[in-house]
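Novice: My questions are about this predicted structure, shown below with the sequence.
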Amino acid sequence: MMCPRFEEWSEQIEKYCVDNGLNFEKAKKLSKCWNKDTLGLQYYDKDQTKGLGLLDETPLPLVLMIRKTQSGLIFEQTEYTRQYLA
């Protein structure tokens, strides 16, 4: 299933990536979690699974947090942003 937030905000996310030296193509491939005002991009390595189901995905490193405010989108980098999006 496509992420509706990522699709809706993709132009702004791409601009943020370009302006900050991040790889938008990598961002498109990251796991996503969202609600109506928030989008989290998380790193998931399918090659590192151990057959534990959801436990293989807990916790996923949060790479980039995006929040919608009245003044526009706010992007919050984490300690993993450069590692997985540079």
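Specialist: Here it is on my side, so go on.
Novice: can you map out the strands along the chain?
Specialist: For the chain, strands defined by DSSP state E occupy the ranges 31-34, 38-42, 62-69, 72-77.
Novice: now, of those strands, which is deepest in the fold?
Specialist: strand 38-42 (a mean of 20; mean count of other CB atoms under 10 Å). Quick note: C-beta positions are derived from backbone N, CA and C, even for glycine.
Novice: Now do it and strand 72-77, the angle between them.
Specialist: Orientation check (axes from the mean of the first three to the mean of the last three CA atoms, to 10 degrees): strand 38-42 against strand 72-77 gives 30 degrees.
Novice: Contacts for strand 38-42 next, please.
Specialist: Strand 38-42 has contacts (CB atoms under 8 Å, 6 or more residues apart in numbering) with 3, 5-6, 9, 27, 30-34, 60-68.
Novice: Now find how far off-centre the longest helix along the chain is within its chain.
Specialist: As assigned by DSSP state H, the longest helix anywhere in the chain is helix 4-19. Put simply, helix 4-19 sits 10 Å off its chain's centre (CA atoms, centre = their mean, to the nearest Å).
Novice: please renumber so the chain begins at 54
Specialist: From this message on, residue numbering opens at 54, which makes the last subject helix 57-72.
Novice: and that helix, C-alpha only, in PDB?
Specialist: As requested, the backbone C-alpha atoms of helix 57-72 are provided in PDB (Å, rounded to 0.1, in the frame of the first residue of the first chain):
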ATOM      1  CA  PRO A  57      -1.000   8.800   1.300                       C
ATOM      2  CA  ARG A  58       1.100  11.300   3.300                       C
ATOM      3  CA  PHE A  59       4.300  10.600   1.300                       C
ATOM      4  CA  GLU A  60       2.400  10.900  -2.000                       C
ATOM      5  CA  GLU A  61       0.700  14.100  -0.900                       C
ATOM      6  CA  TRP A  62       3.900  15.700   0.400                       C
ATOM      7  CA  SER A  63       6.300  14.200  -2.100                       C
ATOM      8  CA  GLU A  64       7.200  17.500  -3.900                       C
ATOM      9  CA  GLN A  65       8.100  19.100  -0.600                       C
ATOM     10  CA  ILE A  66      10.000  16.100   0.600                       C
ATOM     11  CA  GLU A  67      12.000  16.000  -2.600                       C
ATOM     12  CA  LYS A  68      12.800  19.700  -2.300                       C
ATOM     13  CA  TYR A  69      13.900  19.200   1.300                       C
ATOM     14  CA  CYS A  70      16.100  16.300   0.300                       C
ATOM     15  CA  VAL A  71      17.800  18.200  -2.500                       C
ATOM     16  CA  ASP A  72      18.300  21.300  -0.300                       C
END
